[in-house]
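[1] I need the structure of the sequence given here:
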Amino acid sequence: MAQAAATSASGKVVIRNIGLMLSGDIDQPIMQADTIVIDDPDDAIATATLAAYLADTRADVVHNHMYRAESVGTKAAIALGDAGHRRPWVISTVHSSRVRPAEDQEELRRLTPQMNHV
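    Below you'll find the model as predicted:
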């Protein structure tokens with residue numbers, strides 16, 4: 001299962017444990033991949049990039065770690081559903097969210113009902 005994670009220091013979103021993915025190369029369309037890095041500090045761009053990746057791969061689950069991944073990963077899954085695509089399940093593992101500023105905590109409170117609870 002692919003996992004989204006983010007590092008607060010770099011602002012990067014990292015997708016790990018991918019497996020097979022489409023390469024975009026017509027001569028080698030399918031490739032083994034372990035990691036994709038979305039290196040954009042703008043959450044809207046990172047969310048759109050991740051949503052496009054999730055739509056292309058028809059992901060079943062988005063598993064988020066850390067605040068930025070929780071925000072970007074959950075918003076990307078919501079965007080897929082809003083666009084008429086099948087929405088992947090969102091599993092979020094809270095690590096750093098409890099020590100975030102009040103505005104970040106409010107953002108997660110707003111997104112939490114959109115996450116799937118198991």
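[2] tell me the contacts of the nearest residue to residue 60 once chain neighbours are set aside?
    Excluding its sequence neighbours, the residue lying closest to residue 60 (Cβ to Cβ, 6 or more residues apart in numbering) is residue 88, at 5.6 Å. Where C-beta positions appear, they are placed from N, C-alpha and C, glycine not excepted. Residues near residue 88 by Cβ atoms under 8 Å, 6 or more residues apart in numbering: 54, 59-62, 77, 80.
[3] the helices in the chain, which residues?
    Using DSSP state H, the helices of the chain run over residues 43-57, 67-82, 102-111.
[4] JSON lines please, covering these and showing mean neighbour count, distance to residue 29 and mean pLDDT.
    JSON lines is the format used below for those (neighbours: other Cβ atoms under 10 Å; distance: least, Cβ to Cβ, whole Å; pLDDT from 0 to 100):
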{"stretch": "helix 43-57", "mean neighbour count": "18", "distance to residue 29": "12", "mean pLDDT": "86"}
{"stretch": "helix 67-82", "mean neighbour count": "22", "distance to residue 29": "23", "mean pLDDT": "88"}
{"stretch": "helix 102-111", "mean neighbour count": "13", "distance to residue 29": "34", "mean pLDDT": "84"}
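[5] In TSV, list these along with distance to residue 31.
    Output for those, formatted as TSV (distance: least, Cβ to Cβ, whole Å):
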stretch	distance to residue 31
helix 43-57	12
helix 67-82	22
helix 102-111	32
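[6] how close does the residue nearest the centre of the chain get to residue 30?
    With distances taken as Cα atoms, centre = their mean, the chain has residue 73 as the residue nearest its mean C-alpha position (2.8 Å). As judged by Cβ to Cβ, to the nearest Å, residue 73 and residue 30 stand 24 Å apart.
[7] Quickly list what residue 62 is bridged to.
    With DSSP bridges as the criterion, residue 62 is bridged to residue 90.
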